[in-house]
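>>> fold the following and give me the result.
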Amino acid sequence: MKKVLFYTLMIVLFSGFIISDQSGHKIITKSFIQGERLEYRVHYGFMNAGEAVVQVHPELYVINNKVCYKATCFGKSVGAFELVTKIRDTWGSYLDTSDLNPQRSYRDITEGRHKLKEGVYYYHQKGVADAEREKRGKTTKYTYSIPNGVQDIVSGFYFLRKFDYNKMRVGDTIKLNAFFEDQLYDFKIKYLGKHKVNTKFGTIHAIKLTPIMPKNDLFSGENSIRVWLSDDLNKIAVKMEADMFVGAVEIDLKGYQGLKHPISFTKD
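Below is the predicted model of the structure:
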């Protein structure tokens with residue numbers, strides 16, 4: 001159960017943010033720069049379950065003849081969870097600097113004895129994605145059909161930060177197209193308005209969102225995941241909550257550096 005829980009935490013961190021640009025909402029300028037680093041602490045009940053680092057690397061890369069940012073998320077188990085199953089997961093995406101569409105994504109998964117390496121190249125104009133997975137010493141190649149502009153589990157986190165939420169009304173939804181593992185997903189994210197969030201740095205004004213979840217075996221209820229983005233030009237995730245059938249999970253911002261814009265925490 002511990003292994004399944006922590007694996008799910010990476011999905012909580014990103015899966016609500018896999019968005020296509022078909023919603024009609026206005027897209028604003030980039031909210032991040034190279035060198036941004038965000039650190040999160042994962043709580044399961046009263047226990048520290050894990051930590052995650054989400055960052056944009058300083059270098060630019062050329063993938064599919066596109067100049068790209070490299071964004072990664074590294075997650076690990078800690079404390080009692082580390083004693084049960086050692087988790088060391090890395091998720092990465094190369095984002096086209098012109099539109100933030102992924103050109104390549106990868107996963108390097110170590111969860112106890114379970115190990116997996118995966119790489120995916122996205123050819124948006126052709127409508128295909130080529131994937132290669134290595135598991136138990138065996139490498140398998142696949143080709144999938146994808147809609148134009150589909151996002152992966154990491155790139156969607158950054159794409160979400162482009163939206164101008166001041167143009168939205170409470171209850172508005174954003175359509176999303178997602179590709180994860182070997183499946184395409186069609187989700188919606190609901191805008192729940194502006195709220196204040198308490199963090200270790202102080203109180204901050206935040207944008208509250210919830211992915212509308214289909215019936216599944218992990219999350220309890222349609223609005224089981226809540227996410228708060230800073231209500232400023234950065235729009236970084238400052239807090240996340242998830243109601244799971246195995247218990248409640250909370251993810252809080254632990255540290256940050258290299259933000260493109262100033263962030264103002266009060267001392268309330």
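>>> could you pull out the helices for the stretch 51-200 of the chain?
Secondary structure of the stretch 51-200 of the chain, counting by DSSP state H, counting those that start in this stretch: helices at 79-84, 155-160.
>>> please identify the most buried of those.
helix 155-160 (a mean of 26; mean count of other Cβ atoms under 10 Å). The C-beta positions use only the backbone N, C-alpha and C, and glycine is treated the same way.
>>> summarise which helices and strands it is packed against.
helix 2-14, strand 66-77, strand 87-96 (3 or more Cβ pairs under 8 Å, 6 or more residues apart in numbering; DSSP states H and E).
>>> residue ranges with poor pLDDT in the stretch 151-268 of the chain?
Where the stretch 151-268 of the chain drops to pLDDT under 70, the residues are 213-222, 245-246, 267-268.
>>> rewinding a little: got CSV for the helices of the stretch 51-200 of the chain, with distance to Ala248 too?
Formatted as CSV, the helices of the stretch 51-200 of the chain follow (distance: least, Cβ to Cβ, whole Å):
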stretch, distance to Ala248
helix 79-84, 15
helix 155-160, 22
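>>> between these, which gets nearest to Lys30?
Evaluated over the helices of the stretch 51-200 of the chain, closeness to Lys30 peaks at helix 155-160, with 8.6 Å, by Cβ to Cβ.
>>> CA atoms only for the closest one, dumped as PDB, please.
Taking Å, rounded to 0.1, in the frame of the first residue of the first chain, the C-alpha atoms of helix 155-160 are listed here in PDB:
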ATOM      1  CA  SER A 155       4.800  19.600 -19.000                       C
ATOM      2  CA  GLY A 156       1.200  20.200 -18.100                       C
ATOM      3  CA  PHE A 157       2.200  21.600 -14.700                       C
ATOM      4  CA  TYR A 158       4.000  24.500 -16.500                       C
ATOM      5  CA  PHE A 159       1.300  24.900 -19.200                       C
ATOM      6  CA  LEU A 160      -1.300  25.500 -16.500                       C
END
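>>> can you give the distance of that helix from its chain's centre?
7 Å (Cα atoms, centre = their mean, to the nearest Å).
>>> now stretch 261-268
Counting by Cα atoms, centre = their mean, stretch 261-268 comes out at 23 Å from the chain centroid.
>>> try stretch 123-135
On Cα atoms, centre = their mean, the centre of stretch 123-135 falls 20 Å from that of its chain.
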